[in-house]
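[1] Sequence plus predicted model, see below.
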Amino acid sequence: MLATLARAWKIGDLRRRILFTLWMMMAFRVGTHIPVPGIDTAVIQELFREGTLFQFLDIFSGGALKAFSIFAMSITPYINASIIMQLLTVVIPYLERLSKEGEEGRKKIAQYVRYGTVGLALIQAVGMAFGVRAAVIDFNFFSVATIAISLTAGTAFLMWLGELITDRGIGNGISLIIFAGIVSRLPAGGVRMVEYLAAGTVNIFNVFILLALAVLVIAAVVAIQQGERKIPVQYAKRVVGRRLYGGQATHIPLKVNTAGVIPVIFAASLLAFPATIAQLVPHPWFQAVANAFNFTSPWYVASYALLIIFFTYFYTAIIFNPADVADNLKKYGGFIPGLRPGRPTAEHIDRVLTRITLAGALFLTLIAIMPNFVIGITGIPGLYFGGTALLIVVGVALETMKQIEAHLLMRHYQGFIR
């Protein structure tokens, strides 16, 4: 692997992309330490000592929420805006036409997502400003406006940073920002574990159980992410001029988890938005919503599981269309043995995809709600870095590695995956 990395480093374009991505990640980490003006961070720290939802959300912001920095809202408004836009694309004919107009249509939809991100970020920022009024040094209109504008600008900057990484770097920029935020919390988690051991809160046996479970989960995530169902395809022979084409056998690779880590990110972000607003507003009704959406409550676990299954099927349906695959096979003389081209082929592919997607969705759900069971098995309190974070880290790492692999294969170098 080190030799492969050395070869990748010698490729000028790939080296520039990797360096650009690292520089953008460094800019993100610097921004997490820039506090919002007019906030007493000592009061903010009290929220995290209670083990509330904030500590769970702080993992995805890379510590920015705990420090109440300009990146405190992280990239959550952008993800929520993307979810809303994808849902509207299905029901609004104008957006559906835009999605089918190629690159220009996608650019227009991306522009609408940016506008939606700023709007959602501003609403959430105002809610956070009123919610932490006890931490505001001089609470007035100008201080609220300053806090809201700072938080909104931080989210907009992260959105721009993610798009830059996607265009000029390696991997998906938004996913890598979440990845960097999660990984940056690992040292703090290790220090906390050592403190628990020193205080006698947990014993070394519980830590070994946690490490063994982590290894098993990582292995299972890699296996599912790389797993695929191969549908055999045969191409008929055809004569073009004096040359004979076709006749070869191949397959259609259907991934067990076509959607990747997107359903988990979508579900977590969608549940985090109302829960954050509810917990910051001092009203009995809002407090009841905050308690219902506490990440350890049965209501939250059930909602989280259902949303993951929904988004797994929804996102798979968006990025993979069995009818289009069947039409392309028919156009180029391909067929699945035993099935007629056209509609029967599309129905067969859809049936297989539905079954394996169910397996992938159930696996994602199991991994995402796993921390609730791990806390009971190991007895380790405050275990916020669990299945969701681990799934995102491994999934994003695999996707980024595949992009590096693609660059290496373009230049006939041996890559990571064999």
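    Received the coordinates, thanks. Numbers count the residues shown, from 1 in each chain.

[2] mind listing the strands for the stretch 101-250 of the chain?
    Along the stretch 101-250 of the chain, the stretches classed as strands by DSSP state E, counting those that start in this stretch are 228-235, 238-240, 243-245, 249-255.

[3] Could you say which one of those strands comes nearest to residue 262?
    For the strands of the stretch 101-250 of the chain, the distance to residue 262 is smallest for strand 249-255, at 12.7 Å, taking CB to CB. The way it works is simple: take the backbone N, C-alpha and C, and place the C-beta from them, glycine included.

[4] for that closest one, what is the average pLDDT?
    Average pLDDT, strand 249-255: 83.

[5] So for it, what gets flagged as buried?
    Going by neighbour count (16 or more other CB atoms under 10 Å), the buried part of strand 249-255 is 252, 254, 255.

[6] likewise stretch 135-145?
    So stretch 135-145, judged by 16+ other CB under 10 Å, has buried residues 135, 136, 139, 143, 144.

[7] Any idea how far that stretch is from the middle of the chain?
    Relative to its chain's centre, stretch 135-145 lies at 33 Å (CA atoms, centre = their mean, to the nearest Å).

[8] got it, and stretch 357-369?
    Counting by CA atoms, centre = their mean, stretch 357-369 comes out at 15 Å from the chain centroid.

[9] Tell me which residues are up against that stretch.
    Contacts to stretch 357-369, defined as CB atoms under 8 Å, 6 or more residues apart in numbering, come from residues 217, 220-221, 224, 255-259, 263-264, 267-268, 301, 304-305, 308-309, 312-313, 316, 387-388, 390-391.

[10] PyMOL command for the buried members of those?
    Filtering the contacts of stretch 357-369 down to the buried ones (16+ other CB under 10 Å) takes a single PyMOL command:
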select buried, resi 217+221+224+255+256+257+258+259+263+264+267+268+301+304+305+308+309+312+313+316+387+388+390+391
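
[11] Now for residue 204: which residues touch it?
    Applying CB under 8 Å, 6+ apart, the residues near residue 204 are residue 197.

[12] and the gap between it and residue 389?
    23 Å (CB to CB, to the nearest Å).

[13] Just the ones in helices from the contacts of stretch 357-369, please.
    217, 220-221, 224, 263-264, 267-268, 301, 304-305, 308-309, 312-313, 316, 387-388, 390-391 (DSSP state H).

[14] pLDDT score for the nearest residue to residue 203 once chain neighbours are set aside?
    If you skip the residues right next to it in sequence, residue 203 has residue 197 as its closest partner in space, 7.6 Å away by CB to CB, 6 or more residues apart in numbering. With respect to pLDDT, residue 197 scores 77.

[15] What's the local residue count around residue 197?
    Counted with other CB atoms under 10 Å, the neighbours of residue 197 add up to 14.

[16] related to what we said a few turns ago, out of the buried residues of strand 249-255, who's nearest residue 131?
    Each of the buried residues of strand 249-255 was scored against residue 131 by CB to CB, and residue 255 proved nearest at 40.9 Å.

[17] So that closest one is in contact with residue 228, correct?
    Yes: between residue 255 and residue 228 there is a contact at 4.8 Å, judged by CB atoms under 8 Å.

[18] Could you tell me how many residues sit around residue 41?
    Quick note: residue 41 (other CB under 10 Å) scores 13 neighbours.

[19] For the residue nearest to it when sequence neighbours are not counted, give its distance to residue 356.
    Counting by CB to CB, 6+ apart, the nearest residue to residue 41 once its immediate chain neighbours are dropped is residue 68, at 5.9 Å. Note on residue 68: its distance to residue 356, by CB to CB, is 43 Å.

[20] before we move on, what about residue 187?
    For residue 187 relative to residue 356 (CB to CB), the value is 38 Å.

[21] Looking at the two, which one has more neighbours?
    Each of residue 187 and residue 356 has its neighbours counted (other CB under 10 Å); residue 356 has more, 18 against 9.

[22] Name the helix or strand for the more buried one, please.
    helix 343-368 (DSSP states H and E).

[23] Disregarding residues adjacent in the polypeptide, which is nearest to the residue nearest the centre of the chain?
    The C-alpha lying nearest the average C-alpha coordinate of the chain belongs to residue 265 (CA atoms, centre = their mean; 3.8 Å). Nearest-residue entry for residue 265: residue 79, 6.1 Å, with adjacent residues in sequence omitted and distances by CB to CB, 6+ apart.
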